[in-house]
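[1] Sequence first, predicted coordinates after that:
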Amino acid sequence: MNATDGLAVRDLTVHYGPVRALGGVSLDVPPGAVVAVLGGNGAGKSTLLRAISGTLRFQRGGISAGEISFEGERLSGAAPAAVVARGVVQVPEGRRIFSRMTVEENLRAGALGARRGARPRMIPHGAAEARERVLALFPVLAERARQRAGLLSGGEQQMLAIGRALMARPRLLLLDEPTLGLAPLMAARIADTIKEINAQGTSVLLVEQNAALALSLASHAYVLEVGEVALHGPAAGLAESDEVRRRYLGIGAAEVAAGTPGERPALSRWSA
Ligand SMILES: Nc1ncnc2c1ncn2[C@@H]1O[C@H](COP(=O)(O)OP(=O)(O)OP(=O)(O)O)[C@@H](O)[C@H]1O
């Protein structure tokens with residue numbers, strides 16, 4: 001991938017004090033792509049997103065080696081507001097909305113960090129347009145505009161969290177477990193929305209425990225294990241991989257053994 005394109009993470013190592021959470025992770029999100037990051041608890045998925053969004057410092061973590069760049073400019077070391085201004089916005093795990101504020105106020109808060117100090121060519125449209133786009137994606141947010149956000153259902157709160165991030169008009173959206181704790185129908189609605197957001201031109205880096213859903217949305221995926229990339233490749237190929245089927249798609253070893261391998265797209269095992 002050309003260094004000026006999309007997001008490039010190179011040999012990223014992150015520590016929380018003495019704890020190494022990521023070791024030598026490299027990953028690309030090409031412009032316009034949906035890329036998924038899979039992995040079990042503690043694999044380092046949230047840490048990766050925090051490193052990109054500049055929010056590691058809030059967890060007493062830091063980048064000890066490696067580089068992150070977006071559209072050819074260095075992101076690593078930038079403050080969270082500067083990362084948002086560059087067009088990279090994270091929806092944190094646990095949909096941290098402002099529960100005492102109204103839906104409308106939450107959305108307005110999302111627009112505050114948009115492209116502050118950015119070059120004029122980086123302002124594709126204004127906040128009003130962003131708001132219209134969000135309300136078209138999530139009509140329920142228009143219906144509940146004056147309601148306190150804390151009164152929304154879990155799925156609606158996730159919609160608000162994504163909507164608030166979109167108010168900053170990102171070119172890359174970082175999503176941390178957007179379907180966690182949601183009923184299957186709501187998870188499917190969130191998945192459809194992610195597709196729609198991507199179709200409108202925003203790239204997505206998606207961290208998901210729901211591997212089946214993530215692989216259905218993504219073109220490429222990375223599997224993190226104990227802070228390292230264990231496997232990566234086209235999502236269709238990973239969905240066919242015995243290891244991923246057994247460990248992340250809940251398909252038993254016997255079924256995997258009984259399956260016919262067929263033609264599989266190339267996968268790369270990360271070699272250190
Ligand atoms: N604030 C922190 N301080 C110290 N260690 C941390 C902190 N946050 C995460 N870690 C450690 O870093 C490693 C990676 O954690 P991380 O939360 O990134 O994993 P994850 O893949 O997102 O897991 P989960 O799905 O459980 O959220 C784990 O060993 C975890 O215990």
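    Thanks, I have it.
[2] and Gly6, backbone torsions?
    phi 40, psi -150 (degrees, to the nearest 10).
[3] Distance of it relative to Val35?
    Distance, Gly6 to Val35, using C-beta to C-beta, to the nearest Å: 9 Å. Bear in mind the C-beta positions are built from the backbone N, C-alpha and C, glycine included.
[4] Also Leu217?
    Leu217 is 10 Å from Val35, by C-beta to C-beta.
[5] Who has more neighbours out of those two?
    Set side by side, Leu217 and Val35 show more neighbours around Val35, with 24 against 20, by other C-beta atoms under 10 Å.
[6] confidence score at the more buried one?
    On pLDDT, Val35 comes in at 98.
[7] So it: helix, strand or coil?
    Secondary structure, DSSP: H, G, I helix; E, B strand; the rest coil: Val35 is strand.
[8] Tell me which residues are up against the helix ranked longest in the chain.
    Ordering each helix of the chain by length in residues (DSSP state H) puts helix 184-199 first. With contacts defined as C-beta atoms under 8 Å, 6 or more residues apart in numbering, helix 184-199 is touched by 32, 34, 137-138, 154-155, 158-159, 162, 166, 173, 175, 178-179, 182, 204, 206, 210, 213, 216-217.
[9] Could you tell me which of those residues are located in strands?
    The members of the contacts of helix 184-199 that map onto strands under DSSP state E are 34, 173, 175, 204, 206.
[10] For the first one, name its beta-bridge partners.
    Which is Val34. The partner list for Val34 in beta bridges (DSSP bridges) reads Val204.
[11] Tell me how many other residues surround it.
    Other residues close to Val34 by other C-beta under 10 Å number 24.
[12] Show me whatever sits in contact with both of Gly6 and Val35.
    Here Gly6 and Val35 have 28-29, 203 as joint contacts, going by C-beta under 8 Å, 6+ apart.
[13] still on that earlier bit, shared neighbours, Leu217 and Val35?
    Both Leu217 and Val35 are in contact with 204, 206, where contact means C-beta under 8 Å, 6+ apart.
[14] Next, Ala78: secondary structure please.
    coil.
[15] one step back: which among the shared contacts of Gly6 and Val35 gets closest to Met101?
    Set against Met101, the nearest of those by C-beta to C-beta is Ser203 (28.7 Å).
[16] Any idea how many residues pack against the nearest residue to the closest one once chain neighbours are set aside?
    Closest residue to Ser203 apart from its sequence neighbours, by C-beta to C-beta, 6 or more residues apart in numbering: Leu172 at 4.8 Å. Neighbour count of Leu172, defined by other C-beta under 10 Å: 24.
[17] got any ranges where the chain has weak pLDDT?
    By pLDDT under 70, the weakly predicted segments of the chain are 1-4, 113-125, 250-272.
[18] The closest residue to Arg133 other than its chain neighbours: what's it in contact with?
    Closest residue to Arg133 apart from its sequence neighbours, by C-beta to C-beta, 6+ apart: Leu166 at 6.7 Å. Contacts for Leu166 (C-beta under 8 Å, 6+ apart) come out as 89, 110, 130, 133-134, 137, 173, 197, 202.
[19] Can you tell me which of these is nearest Ser99?
    Checking the contacts of Leu166 against Ser99 by C-beta to C-beta gives Gly110 as the nearest, at 14.9 Å.
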